[in-house]
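[1] structure, please.
(chains A, B, C and D)
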Amino acid sequence: MIDVLYFAWVRERIGLPRERIETGAVTVADLVQELRAREVRYEAAFADLSALRVALDQELASFDAPLAGVREVAFFPPMTGG
Amino acid sequence: MIDVLYFAWVRERIGLPRERIETGAVTVADLVQELRAREVRYEAAFADLSALRVALDQELASFDAPLAGVREVAFFPPMTGG
Amino acid sequence: MRVAVQPESFDVGAEVSAFSAGVRGAGAVVSFTGLVRDEGGSLSGMEIEHYPGMTEKAIAGIAVEAVSRWSLVDALVIHRHGKLAPGEAIMMVATAALHRADAFAAAEYLMDYLKSRAPFWKKELGADGASWVAAKDADEDALKRW
Amino acid sequence: MRVAVQPESFDVGAEVSAFSAGVRGAGAVVSFTGLVRDEGGSLSGMEIEHYPGMTEKAIAGIAVEAVSRWSLVDALVIHRHGKLAPGEAIMMVATAALHRADAFAAAEYLMDYLKSRAPFWKKELGADGASWVAAKDADEDALKRW
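    Just a heads-up that it's a prediction; the model follows:
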């Protein structure tokens, strides 16, 4: 089981801020494929990966990073702090 | 008649902050020659012109600037504001 | 070094005063404050979402790097989240160093990294509705100078 | 735009507050404060001489140039003269602009020019007597970047 969090317009498109997912995905990209296949709102959120960022256990990571041992995955658009 | 002002260590070497001088000097450099010839304390203050700056009527100027129409000449070391 | 992530407003002047009073030995203090622009009256405010937990960690990491790289005497970051009105302070950083070049460089570094590496997302609230602020390529490019 | 040359101490926090409150429309405020260093306890203070009349004119000229070059919403310069104790604020500048890059650049420009083109001379007061602070080549070189 893994916690998946969504922020900003990713959260809005998917319609929820977080969910617990049972997955066998090996990498982030695998997990994205799995989510996109679920429903059109996921498809819409993950349509353009270049517009997305991912964090694994609250550290920025790349989409080919492995999920082994990860408890929390977060998807969000490029950050706009400051 | 021209007002001549001295600041920082120039003032300390010459021993006074300002004086009125009757001079026929055409340029700042001429005035410096005239002052150096006066007394050893002036000689000491003006020994190294590269260590000095000059302002004419409160605007930075060069040593070859003409004195015509100038009412106030100031000599000082490089500034250390901020 | 202090990092605060909070919904509450803060008093920029009081923070700068307290910060400056605590940096004996420093010769230079720089502060930056980001304010909600009103875009000529077309914006009614801003809403800032963040990633609790990651935000604090990310900012602390950026601040620790700045302190070490420019030998800062001290550094401060305050960043709000939630709803803000035009003119309100969104965030501030302050840096203290022996000399001005280090204090300036560290403050600019903090700002560049907070823009693109701290998990905040700004939504502008206008007359025609709300819209997420898009990250600028220039902000990502700004990181390359460090 | 405000320029103050004064022997009295000033409250950096209060100045930053007042300045920030008056710059509606700006998105970025930068402040710089120069403090008297204590050099590890070897300095008992500082005495700053200036050229009354020229100082105000020189600073105003520098500030007007900064406001125009970076389209500042506002700028502030306060510079003290006379006797100061370690830890006291010698001077401050503040700049307000739409975006952070302009506010930072203008504040650094103001500092670089105040260092070398505003007629102040610092004397450090130490245990072994007083000595005039020498201008640094680096400060003169800093002007070349603008």
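[2] quick one: what helix or strand has C:I62 in it?
    Taking DSSP states H and E as the criterion, C:I62 maps to helix C:54-69.
[3] strand partners of the next helix or strand after that helix, parallel vs antiparallel please.
    As assigned by DSSP H and E, the chain's next helix or strand after helix C:54-69 is strand C:74-80. Sheet pairing of strand C:74-80 (DSSP bridges) gives strand C:2-6 (parallel), strand C:89-97 (antiparallel).
[4] run the chain-centre distance for strand C:74-80.
    7 Å (Cα atoms, centre = their mean, to the nearest Å).
[5] one more: stretch C:122-142?
    Worked out by Cα atoms, centre = their mean, stretch C:122-142 lies 16 Å from the chain centre.
[6] hmm, it in reach of chain A?
    Yes - looking at stretch C:122-142 against chain A by Cβ under 8 Å from any Cβ of the partner chain, the contacts come from C:K122, C:K123, C:W132, C:V133, C:A134, C:A135, C:E140. C-betas here are computed from N, CA, C, even on glycine.
[7] next step: the residues you listed restricted to helices.
    Using DSSP state H, C:E140 are the members of the residues of stretch C:122-142 next to chain A that sit in helices.
[8] turn the residues of stretch C:122-142 next to chain A into JSON lines, including pLDDT and neighbour count.
    Listed next are the residues of stretch C:122-142 next to chain A as JSON lines, based on pLDDT from 0 to 100; neighbours: other Cβ atoms under 10 Å in any protein chain shown:
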{"residue": "C:K122", "pLDDT": "98", "neighbour count": "22"}
{"residue": "C:K123", "pLDDT": "98", "neighbour count": "18"}
{"residue": "C:W132", "pLDDT": "97", "neighbour count": "16"}
{"residue": "C:V133", "pLDDT": "96", "neighbour count": "15"}
{"residue": "C:A134", "pLDDT": "95", "neighbour count": "11"}
{"residue": "C:A135", "pLDDT": "95", "neighbour count": "19"}
{"residue": "C:E140", "pLDDT": "91", "neighbour count": "14"}
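[9] and the helix holding C:I62, does that touch chain A?
    Yes - interface with chain A: helix C:54-69 contributes C:M54, C:K57, C:A58 (Cβ under 8 Å from any Cβ).
[10] would you map the helices across chain A?
    Under DSSP H, chain A gives helices at A:8-14, A:28-36, A:40-45.
[11] got those as TSV, with mean neighbour count columns?
    What follows is the helices of chain A, written out as TSV (neighbours: other Cβ atoms under 10 Å in any protein chain shown):
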stretch	mean neighbour count
helix A:8-14	19
helix A:28-36	18
helix A:40-45	15
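[12] which one of those lies closest to A:M79?
    helix A:8-14 (8.9 Å; Cβ to Cβ).
[13] need the contact list for the closest residue to chain B within chain A.
    The nearest approach of chain A to chain B comes at A:G82, 27.1 Å away (Cβ to the nearest Cβ). Contact analysis of A:G82 by Cβ atoms under 8 Å, 6 or more residues apart in numbering or on different chains lists C:G34, C:I90, C:M91, C:M111, C:L114, C:K115, C:A118, C:F120, D:R100.
[14] among those, which are in strands?
    C:G34, C:I90, C:M91, C:F120 (DSSP state E).
[15] tell me which two in the residues of stretch C:122-142 next to chain A are the farthest apart.
    Most distant of those, by Cβ to Cβ, are C:K123 and C:E140, 19.9 Å apart.
[16] returning to that earlier point: ok, which of the residues of stretch C:122-142 next to chain A also contact chain D?
    Okay, of those, nothing touches chain D (Cβ under 8 Å from any Cβ).
[17] now, which of the residues of stretch C:122-142 next to chain A sits nearest B:Y6?
    Using Cβ to Cβ, these come closest to B:Y6 at C:E140, 54.4 Å.
[18] was I right about the closest one contacting C:S116?
    Yes - using Cβ atoms under 8 Å, C:E140 is in contact with C:S116, at 5.7 Å.
[19] any common contacting residues for the two?
    With Cβ under 8 Å, 6+ apart, C:E140 and C:S116 have common neighbours A:P78.
[20] around chain D, pick out the residues from chain C.
    Near chain D, when you scan chain C using Cβ under 8 Å from any Cβ, you find C:11-18, C:20, C:23-38, C:40, C:86-87, C:89, C:98, C:100, C:103-104, C:107-108, C:111.
[21] swap in chain A?
    So chain A meets chain D at A:G82 (Cβ under 8 Å from any Cβ).
[22] in PyMOL, how would I select the buried members of the contacts of A:G82?
    Selection command for PyMOL covering only the buried members of the contacts of A:G82, criterion 16 or more other Cβ atoms under 10 Å in any protein chain shown:
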select buried, (chain C and resi 34+90+91+111+114+115+118+120) or (chain D and resi 100)
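[23] tabulate the ones in strands among the contacts of A:G82 (JSON lines), appending pLDDT.
    Putting those into JSON lines (pLDDT from 0 to 100) gives the following:
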{"residue": "C:G34", "pLDDT": "98"}
{"residue": "C:I90", "pLDDT": "98"}
{"residue": "C:M91", "pLDDT": "98"}
{"residue": "C:F120", "pLDDT": "98"}
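[24] reformat those residues as CSV; add distance to C:S44.
    CSV is the format used below for the ones in strands among the contacts of A:G82 (distance: Cβ to Cβ, whole Å):
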residue, distance to C:S44
C:G34, 18
C:I90, 15
C:M91, 20
C:F120, 20
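[25] of those, closest to A:I21?
    Once Cβ to Cβ is applied, the member of these that ends up nearest A:I21 is C:F120, at 25.2 Å.
[26] in chain C, what residue comes closest to chain B?
    Closest point on chain C to chain B, by Cβ to the nearest Cβ, is C:R100, at 7.5 Å.
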